[in-house]
Each structure stands twice: as structure tokens, then as C-alpha cells.
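Asks: below is the sequence, then the predicted model.
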Amino acid sequence: MAGKARIHGAPPMVLIGSLFSVGNNFSGQLGVGDTTTRYTQVQVGSEADWDFLEIGRLRCYCLRNGKAFSWGTNFYGQLGLGNTTDRSSPVQIGSATDWTWLGSTRYCGLGIRAGKLFGWGRNQFGEAGIGNVSQVNSPVQVGAATDWTRVGRNGTLFALGLRGGRMFAWGNNDAGQLGIGSTAPSRVSSPVQVGSETDWTDVALAGLSCACIRAGKLFTWGSGFQGMLGIGDSTSSSRSSPVQVGSETDWTAIAGGNYHFLGLRGGKLFAWGYNLYGGLGLNDVVTRSSPVQVGSATNWTQITGGGDYSAGIRENKLFTWGYNDQGQLGQGNTTPRSSPVQVGSATNWKLVAASESGGSYGFTIAVK
């Protein structure tokens with residue numbers, strides 16, 4: 001069954017396909033029962049109904065028919081399994097069968113069930129959103145709201161989520177990444193609304209920066225490190241409130257990596273931010289402070305950013321590019337690529353997610 005992912009702006013789907021992983025496996029995050037790094041994709045189990053992918057730092061969260069599963073590193077209880085034991089194969093989080101969305105921060109997991117938001121993990125800066133900074137090893141409900149629709153991924157000790165088109169933020173705020181107009185307070189342990197708008201549709205986090213869409217317009221805020229805000233000014237400036245990127249009104253999806261962003265407009269792929277290893281896909285290693293189109297293709301359907309590398313799907317073909325020291329590009333080697341390269345010859349890829357982990361911990365999961 002072909003279709004778009006539930007991540008990065010696409011609608012929910014069921015019975016999507018089989019799960020594959022590749023790259024670093026330091027904590028068993030490839031989910032194949034061991035800790036051996038792989039340079040080509042290996043199938044995770046035999047199930048053929050994975051329908052949602054989310055990667056945290058050295059760990060995975062995925063959905064199958066409303067059930068949430070996690071595996072990988074668990075030192076801070078970030079797998080949500082009630083303990084701190086690492087897992088090298090998927091383990092179900094609780095017994096609920098109504099999970100619809102999963103997200104993560106560096107050391108916490110986040111998920112939505114029947115419109116209710118849950119958080120778990122280290123929670124040092126309140127990024128679990130549960131009103132305190134205590135570590136929790138199992139999901140705890142965030143407030144009493146029942147209209148949460150999505151929550152972002154890749155935040156460094158902070159999170160963003162959407163409720164009825166309204167944007168909320170919580171966690172660390174030292175670069176203004178909560179979008180509340182200042183860097184004070186420095187941490188917020190419960191969701192606070194960002195502005196008063198009610199038409200936000202997509203949210204992506206990268207490091208200490210945010211990129212979000214409303215009414216087809218792209219807005220960014222937080223750290224401007226390496227031009228990540230995409231507004232064309234100094235590559236070190238920051239913003240504590242949303243600032244529009246350009247004047248376009250046809251942005252449809254956004255994704256964040258470690259220090260870069262990717263976005264879609266009319267099926268065209270754009271990238272900006274840090275580019276030392278070619279993770280922007282522009283056939284060079286030059287950092288950009290404004291969105292630049294990647295190639296000329298107009299049929300990209302899903303995108304994901306990782307630690308200095310990226311991946312995307314078009315015509316059900318999987319493409320990867322950027323940093324590749326752990327074989328995370330799935331090309332069978334460790335050679336970096338500065339422009340999109342197809343992974344194998346399969347034409348039935350449906351979902352892909354890349355790890356935000358920097359250094360030598362990159363890995364990728366995908367479904368076909």
C-alpha cells in the first residue's frame with residue numbers, strides 16, 4: 001500500500017510495510033537483536049504493518065496498528081518501558097492500542113493517544129512537559145488536554161506540539177527556542193502557547209532551532225547557528241519569536257536534522273543550514289543561510305534530517321546524502337555523498353527516518 005508517512009505533514013495510514021534499519025548499532029538501536037553496525041539495510045523482525053517511524057538519540061519509537069514500540073538506549077528511561085534497560089529488539093510500550101503520534105527530545109520520548117499527550121525520560125529541563133523536572137521511566141500524561149495532534153522530533157532538551165492548530169512549547173529556552181519572545185524563563189516544564197495563531201500545520205526541530213508551517217508560510221526561531229533559521233542574515237543570530245522565511249505560501253512539509261532543515265514546496269526539496277558533510281544535498285559542502293532547491297525534481301513526498309545527513313523519498317525510491325561514517329546512508333560503504341543517491345533499486349519505499357545523533361552514531365530506519 002503506497003502512501004505518505006504520518007510524519008512531516010502527511011495523514012495517518014495503516015498496514016504500510018516491513019521495517020529496515022542501517023548504520024550504527026551501539027545500543028541496539030537497529031532493532032535486530034544485536035549491537036553490530038550495518039552498512040546495508042537489514043530487516044527488523046518479520047512484521048509487515050509498521051506505519052509510523054520516529055528516531056531519538058540512539059533509540060527508535062515506531063507504531064504498528066496503534067501499538068507503540070521502542071528499542072535502543074534506555075539509560076534515562078527514555079524507552080518508556082518502566083525501567084532503564086537497553087533493548088536491541090522492539091518492545092511494546094504498555095498495552096495501549098490507540099497511539100497516533102510519537103516524538104522525541106534528546107533524552108525524552110513523547111506520544112499522543114486519543115488526543116492526550118504523554119511524556120517520559122530524563123526530563124532535566126522539563127522537556128517531558130509533565131510540570132516538573134523528575135525522571136520518569138513510563139509515559140505520564142501532560143496536562144488534561146485531549147486535542148493534541150502532533151509533537152515535534154529532534155529537539156535538544158525542548159519540545160513543540162500542536163493542539164487544534166495552536167502551537168505550544170516547553171523545556172529548555174536558552175536560545176529562545178520556545179518562541180515566547182525572550183530567553184526567560186530559561187526552562188518551562190509545562191506547555192505554554194506560542195503566539196495566538198490557530199492555523200499551524202507542521203512542526204520540526206533541529207538542535208536549538210524550530211521551523212514550522214502555518215497557512216503555507218514557513219516560520220523559524222531559536223538558534224541561528226550556521227544559518228539554520230533560513231532568513232539570510234548572520235549565521236550566529238538567534239530569534240525568540242517566529243520570523244517568516246521568505247514570502248512563499250506553498251510550503252507543505254518541514255524536517256529538521258542536527259544543524260540543518262529541509263522543506264517541501266510543490267514537491268520541490270529545499271535545504272539550508274550546516275553543510276560540512278554535504279547533508280544539504282547541494283553537491284557541495286557550503287553552508288547556506290537561506291533555503292536553496294536541491295536538484296530539479298518536483299516529486300519529493302517525504303523528507304527527514306539526521307546528524308549531518310538527510311534522506312527522502314520520491315516515486316517510492318529512497319535517496320540518502322551527507323555524512324556516512326557509520327554506513328547510515330545505506331549505500332554499503334562509508335563514503336559521504338553531497339547530493340541525493342538512490343538506495344538500491346527498490347521502488348516500494350514508503351517511510352524513512354534519520355537519526356539526529358551527531359558524531360559517530362548515525363543510523364536510519366525505513367519501511368517498504
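Replies: Received the coordinates, thanks.
Asks: use CA for all of it now, contacts and neighbours both
Replies: Will do.
Asks: low-confidence ranges in the chain?
Replies: 1-15, 234-235, 358-359 (pLDDT under 70).
Asks: can you rerun that using 90?
Replies: 1-15, 153-156, 233-237, 258, 356-360 (pLDDT under 90).
Asks: nearest residue to the middle of it?
Replies: Closest residue to the average C-alpha location of the chain: R153 at 3.8 Å, with CA atoms, centre = their mean.
Asks: please look at that one and A204 and confirm they touch.
Replies: Yes: the pair R153 and A204 passes the contact test of CA atoms under 8 Å, sitting 6.4 Å apart.
Asks: which neighbours do the two share?
Replies: G256 (CA atoms under 8 Å, 6 or more residues apart in numbering).
Asks: rewinding a little: could you look up the SS state of the residue nearest to the centre of the chain?
Replies: coil (DSSP: H, G, I helix; E, B strand; the rest coil).
Asks: check the gap between it and G266 for me.
Replies: Going from R153 to G266 by CA to CA, to the nearest Å gives 23 Å.
Asks: tell me where the stretch 1-150 of the chain has strands.
Replies: Along the stretch 1-150 of the chain, the segments classed as strands by DSSP state E, counting those that start in this stretch run 19-23, 38-43, 50-56, 59-64, 67-72, 87-92, 99-104, 108-113, 116-121, 136-141, 148-151.
Asks: tabulate these (TSV), appending mean neighbour count and distance to G256.
Replies: Shown next, in TSV, are these (neighbours: other CA atoms under 10 Å; distance: least, CA to CA, whole Å):
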stretch	mean neighbour count	distance to G256
strand 19-23	26	19
strand 38-43	19	23
strand 50-56	26	12
strand 59-64	26	16
strand 67-72	25	21
strand 87-92	20	25
strand 99-104	26	12
strand 108-113	28	17
strand 116-121	27	21
strand 136-141	21	25
strand 148-151	24	13
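Asks: JSON lines please, covering the ones you listed and showing distance to F219.
Replies: Formatted as JSON lines, these follow (distance: least, CA to CA, whole Å):
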{"stretch": "strand 19-23", "distance to F219": "32"}
{"stretch": "strand 38-43", "distance to F219": "35"}
{"stretch": "strand 50-56", "distance to F219": "23"}
{"stretch": "strand 59-64", "distance to F219": "27"}
{"stretch": "strand 67-72", "distance to F219": "31"}
{"stretch": "strand 87-92", "distance to F219": "36"}
{"stretch": "strand 99-104", "distance to F219": "20"}
{"stretch": "strand 108-113", "distance to F219": "23"}
{"stretch": "strand 116-121", "distance to F219": "24"}
{"stretch": "strand 136-141", "distance to F219": "29"}
{"stretch": "strand 148-151", "distance to F219": "16"}
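Asks: V367 is nearest to which of the ones you listed?
Replies: V367 lies closest to strand 19-23 among those, at 4.5 Å (CA to CA).
Asks: just the angle for that closest one relative to strand 59-64, thanks.
Replies: Calculated by axes from the mean of the first three to the mean of the last three CA atoms, to 10 degrees, strand 19-23 forms an angle of 170 degrees with strand 59-64.
Asks: for S339, see how far away the closest residue to D98 other than its chain neighbours is.
Replies: Distance criterion CA to CA, 6 or more residues apart in numbering; nearest residue to D98, sequence neighbours excluded, is G66 at 4.6 Å. Going from G66 to S339 by CA to CA gives 36 Å.
Asks: now do S240
Replies: 32 Å.
Asks: residues in a beta bridge with L264, which ones?
Replies: A253, L269 (DSSP bridges).
Asks: got the contact list for it?
Replies: W251, T252, A253, I254, F270, W300.
Asks: if we use 10 Å, what do you get?
Replies: 8, 250-255, 270-271, 293, 298-303 (CA atoms under 10 Å, 6 or more residues apart in numbering).
Asks: same thing with K116?
Replies: W99, T100, Q141, V142, G143, A144, A145, T146, D147, W148, T149, R163.
Asks: same check on Y274?
Replies: 225-228, 235, 257-261, 280, 285-289, 308.
Asks: any chance of the backbone angles for it?
Replies: phi -70, psi 140 (degrees, to the nearest 10).
Asks: how close does it get to L262?
Replies: Y274 is 11 Å from L262, by CA to CA.
Asks: quick check: neighbours shared by these two?
Replies: With CA under 10 Å, 6+ apart, Y274 and L262 have common neighbours L280.
Asks: now do stretch 191-211: distance to the chain's middle.
Replies: 14 Å (CA atoms, centre = their mean, to the nearest Å).
Asks: buried ones in it?
Replies: 191-194, 199-211 (16 or more other CA atoms under 10 Å).
Asks: ends of it, how far apart?
Replies: Where stretch 191-211 begins and where it ends lie 18 Å apart, using CA to CA.
Asks: ok, R106 touching G152?
Replies: No: with contact defined as CA atoms under 10 Å, R106 does not reach G152; the gap is 11.7 Å.
Asks: more neighbours, these two?
Replies: Taking other CA atoms under 10 Å, R106 and G152 do not tie; G152 has more neighbours (30 against 25).
Asks: residue contacts, the more buried one?
Replies: 7-8, 54, 101-105, 110-111, 158-162, 169, 202-206, 210, 212, 255-256.
Asks: so which of those residues sit within helices?
Replies: Of these, none are assigned to helices by DSSP state H.
Asks: tell me how many other residues crowd the residue nearest to D98.
Replies: 18.
Asks: then A48?
Replies: Number of residues near A48 (other CA under 10 Å) recorded here: 15.
Asks: do I have it right that it meets S18?
Replies: Yes: taking CA under 10 Å as the definition, A48 is a contact partner of S18 at 4.2 Å.
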